[in-house]
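Asker: take this sequence and fold it.
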Amino acid sequence: MRTKTWVLRMALIGVVGLLKPACNEPGAPVSLFLETWDGGFPGTSWGNGGSGSANNVWDPLKGNPAPSLRLESGSGSGSVVAMVAVQFDGPSLTGALDMAAEGSAADQGVGIIRIKDQSDNQIAYALWDVQANLLTFTIMGATDVSIAPPSSFPVFHRFVFKITSGGSASWSVDNGAAVMTHSGISFSQLKLDLVGSFTGLGPWANFYFDNVSVTSP
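Answerer: Okay, the predicted model is just below:
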């Protein structure tokens, strides 16, 4: 089976002539982290946390393209956290990943992209509640913003969190305009958590994560 890395490599070879000038431009984003889960999970970049019967599963058949990481309830309520083991230095960063939610209004559970500082204080999060049919965005110190979520699995959607050297942060989805912005954020390092939280008696939703990247800026 052709891996995702092979497919991406072939695509890059095809357009290398176009990309080369842009890569040499001063101020071009610098890649700090990239995870496509070709190497399975948890690998060396991620740690596990959580409680109850929730699971993280390396899914070789689903992704954007496959494989991907799936967070699921297992057989009961609980939470599961996949954490990036490294911390990312500022002053400006962009974190992006593909996420999909699999479920309907009858399915319980939320999938969360959580940004924390070096002291594990929560800076921001994006929360996908399948049963409530809501996406909720938070940036520290601001009023939450909730919108209707995009289409569910098998479609993956690109979530982007940006923070500038001046402390202005934003969330956006699928390369659209910023859904939420807030200023006055201060940090020296940031960390990323991927969270699945499941309550009640079920049935439960599944959440998929793929193509996680961090760049500066």
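Asker: please name the bridge partners of residue 47.
Answerer: residue 83 (DSSP bridges).
Asker: in this structure, which spans are helices?
Answerer: For the chain, the helices defined by DSSP state H cover 4-14, 16-23.
Asker: low-scoring stretches of the chain, by residue?
Answerer: For the chain, the stretches with pLDDT under 70 are 1-26.
Asker: residues in contact with the closest residue to residue 206 other than its chain neighbours?
Answerer: The spatial neighbour of residue 206 that comes closest, neighbours along the chain excluded (C-beta to C-beta, 6 or more residues apart in numbering), is residue 102 at 4.2 Å. C-beta: built from backbone N, CA, C; applies to glycine. With contact set as C-beta atoms under 8 Å, 6 or more residues apart in numbering, residue 102 has these partners: 152, 153, 205, 206, 207, 208.
Asker: one more pass at 10 Å, please.
Answerer: 62, 70, 72, 109, 111, 130, 152-154, 204-208 (C-beta atoms under 10 Å, 6 or more residues apart in numbering).
Asker: buried members of those residues into ChimeraX, please.
Answerer: A single ChimeraX command selects the buried members of the contacts of residue 102 (16 or more other C-beta atoms under 10 Å):
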select :62,70,72,109,111,130,152,153,204,205,206,207,208
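Asker: what's the burial count for the closest residue to residue 204 other than its chain neighbours?
Answerer: Once flanking residues are discounted, residue 204 sits nearest to residue 73: 3.7 Å by C-beta to C-beta, 6+ apart. Per other C-beta atoms under 10 Å, the neighbour tally for residue 73 reads 26.
Asker: ramachandran coordinates for residue 73?
Answerer: phi -80, psi -20 (degrees, to the nearest 10).
Asker: that one reaches residue 108, doesn't it?
Answerer: Yes: using C-beta atoms under 10 Å, residue 73 makes contact with residue 108 at a distance of 8.0 Å.
Asker: joint contacts of those two?
Answerer: Contacts common to residue 73 and residue 108, judged by C-beta under 10 Å, 6+ apart, are 197, 198, 199, 200, 202, 203, 204, 205.
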